[in-house]
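# Got a sequence here, can you build the structure:
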Amino acid sequence: MSAGGRWDMINDHCNYSNWHKTVQLDNSLLKKLVKAITEAKAQITEWEWDHTKPCPYDLPASMVTMAKVKRQLAEEDLKKEKECANPTSSTMMLSGMLIEGLEIEVIQRGLSTDVKMSKVTIFQETSIQKCCTTLLHRIHNFHETQVIHLPALCEHLEAVD
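Below is the predicted model of the structure:
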């Protein structure tokens, strides 16, 4: 059997496995739905008899959002600034670096979807180019901050390059 034949056979097996999963998807989802309905009914009747139990209609309130993370990091920065009588230089604090990294990731995701557009006008191309330049500048600033806060990472990155 040649390499192409082996490749085709592996492809056939994988395609059959995927097809089988797709065909059996309705049975699997039906079983999960029946189980979920019985569990939900049990939770509802349990809550109706005893209101001290958690309400099944309320969503959990412990959702972490980006705004909450930023607020928590800002509060930590404020606490550190109050504790420190000798303030550091005007460099970005560690929490600011983390927030900057998260914002860079968001911009990169948005930019990658813009770049993947099939038909782009000259204006769109120009705005994408400007966004790339701004993003590159932010990444360079982020790397400079990394050198301050994470010197071991800098040594590792130099070894990798």
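
# packing partners for the helix or strand bottoming out on mean pLDDT in the chain?
Across the helices and strands of the chain, mean confidence by mean pLDDT, DSSP states H and E is lowest for helix 151-160: a mean of 78. Packing partners of helix 151-160 (3 or more CB pairs under 8 Å, 6 or more residues apart in numbering; DSSP states H and E): helix 122-149. For the C-beta atoms, the positions are set from N, CA and C on the backbone; glycine is no exception.

# and the angle from the helix it packs on to helix 151-160?
Counting by axes from the mean of the first three to the mean of the last three CA atoms, to 10 degrees, helix 122-149 lies at 120 degrees to helix 151-160.

# for this structure, what spans make up the helices?
Ranges of helices in the chain, per DSSP state H, are 3-23, 25-49, 66-83, 94-115, 122-149, 151-160.

# Dump these to CSV, plus mean neighbour count and distance to D58.
Below are the helices of the chain laid out as CSV (neighbours: other CB atoms under 10 Å; distance: least, CB to CB, whole Å):
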stretch, mean neighbour count, distance to D58
helix 3-23, 10, 35
helix 25-49, 11, 10
helix 66-83, 12, 19
helix 94-115, 14, 29
helix 122-149, 13, 40
helix 151-160, 10, 43
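
# starting at the chain centroid, how far to the least confident helix or strand of the chain?
Its chain's C-alpha centre and that of helix 151-160 lie 25 Å apart, by CA atoms, centre = their mean, to the nearest Å.

# Please state the offset of stretch 52-61 from the chain centre?
27 Å.

# residues of it that come out buried?
For stretch 52-61, burial by neighbour count (16 or more other CB atoms under 10 Å) applies to no residue.

# Can you show me the CA trace of it as PDB?
The C-alpha trace of stretch 52-61 is given here as PDB (Å, rounded to 0.1, in the frame of the first residue of the first chain):
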ATOM      1  CA  THR A  52     -34.400  28.100  51.500                       C
ATOM      2  CA  LYS A  53     -32.900  26.000  48.600                       C
ATOM      3  CA  PRO A  54     -31.400  27.900  45.700                       C
ATOM      4  CA  CYS A  55     -34.000  29.100  43.200                       C
ATOM      5  CA  PRO A  56     -33.600  27.300  39.900                       C
ATOM      6  CA  TYR A  57     -34.900  30.300  38.000                       C
ATOM      7  CA  ASP A  58     -32.100  32.700  39.200                       C
ATOM      8  CA  LEU A  59     -28.800  32.800  37.300                       C
ATOM      9  CA  PRO A  60     -25.700  32.400  39.400                       C
ATOM     10  CA  ALA A  61     -24.400  35.900  40.400                       C
END
